[in-house]
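Trainee: heads up, no residue letters with this:
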């Protein structure tokens with residue numbers, strides 16, 4: 001795939017999100033530059049999935065703004081955000097179970113575009129006519145990532161990509177994500193397992209109780225496991 005991204009990637013400014021009238025995300029600002037992996041860490045319940053759902057338009061934000069390659073997409077419907085170049089791979093490997101691998105990719109783009117998905121994960125080629133329901137967990141994750149990339153996104157958001165997968169499968173996926181960023185895609189990787197994400201990321205954010213507790217280099221956090229622990233426990237001050 002071409003991986004061409006805009007000059008500003010994704011920019012979130014003071015985003016606020018509520019669920020059932022209660023604030024879940026509070027004043028979050030972050031950037032996902034093209035050609036980089038931006039890591040979002042945080043414990044379960046920190047608000048990571050809610051944040052991604054608000055960015056992609058699954059749920060409505062209550063304040064702040066969302067910009068993609070310089071365009072304000074805050075009020076756009078979910079499908080228009082996707083057409084503008086934002087791809088969101090949600091938790092749970094949501095394939096179309098009764099469709100084949102090839103048909104899953106054709107849902108996202110024309111036949112001329114789906115070869116990019118098979119190029120990314122050659123393992124899927126031999127499963128081309130298999131129904132998605134028959135794939136292993138790792139193969140399903142490959143499929144949903146491939147399906148997102150068929151749309152040629154400028155920014156790709158991955159929510160807990162490693163969830164429920166064997167370490168061997170995770171080691172297969174991570175270099176692919178790195179290669180996508182190297183081709184120019186801006187990647188927002190939301191991950192509960194800090195060492196995994198920090199090993200390939202450029203910039204890191206830590207979300208705690210819906211607010212940013214850290215913003216800085218992945219290398220700094222990777223070399224300071226005590227700081228990561230304190231951030232997860234809510235004992236560190238905002239950076």
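Mentor: Yep, it's here. These numbers come from a predicted model, not from an experiment. Numbering: from 1, shown residues only.
Trainee: Please identify which helix or strand holds the closest residue to residue 35 other than its chain neighbours.
Mentor: Leaving aside its sequence neighbours, residue 35 sits nearest to residue 184 (CB to CB, 6 or more residues apart in numbering; 5.1 Å). Backbone N, C-alpha and C define where each C-beta goes, glycine included. Residue 184 belongs to no helix or strand when assigned by DSSP states H and E.
Trainee: my read: residue 184 touches residue 33, true?
Mentor: No: the criterion here is CB atoms under 8 Å, and residue 184 misses it with residue 33 at 10.2 Å.
Trainee: re earlier: any idea how far residue 77 is from the residue nearest to residue 35?
Mentor: Applying CB to CB, to the nearest Å, the value for residue 184 to residue 77 is 26 Å.
Trainee: Any regions of this protein where pLDDT drops low?
Mentor: 1-7, 233-239 (pLDDT under 70).
Trainee: Tell me where the protein has strands.
Mentor: Applying DSSP state E to the chain gives strands spanning 10-19, 22-32, 37-41, 63-68, 71-72, 86-89, 155-159, 186-190, 203-208, 211-217.
Trainee: With respect to residue 139, which of those lies nearest?
Mentor: In terms of CB to CB, the element of the strands of the chain nearest to residue 139 is strand 86-89, at 14.4 Å.
Trainee: elements contacting the closest one?
Mentor: Contacts defined by 3 or more CB pairs under 8 Å, 6 or more residues apart in numbering; DSSP states H and E place strand 86-89 against helix 48-56, helix 137-150, strand 155-159.
Trainee: I'd like the ones you listed laid out as TSV, including distance to residue 98 and mean neighbour count.
Mentor: Shown next, in TSV, are the helices and strands packed on strand 86-89 (distance: least, CB to CB, whole Å; neighbours: other CB atoms under 10 Å):
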stretch	distance to residue 98	mean neighbour count
helix 48-56	24	23
helix 137-150	14	22
strand 155-159	24	25
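Trainee: Out of the ones you listed, which gets nearest to residue 87?
Mentor: So among the helices and strands packed on strand 86-89, helix 137-150 is nearest, using CB to CB, at 4.0 Å.
Trainee: any idea how far that closest one is from the chain center?
Mentor: From the chain centre to the centre of helix 137-150 is a distance of 12 Å (CA atoms, centre = their mean, to the nearest Å).
Trainee: for that helix, packing partners?
Mentor: Checking 3+ CB pairs under 8 Å, 6+ apart, helix 137-150 ends up next to strand 86-89, helix 101-108, helix 115-120, strand 155-159, helix 167-182.
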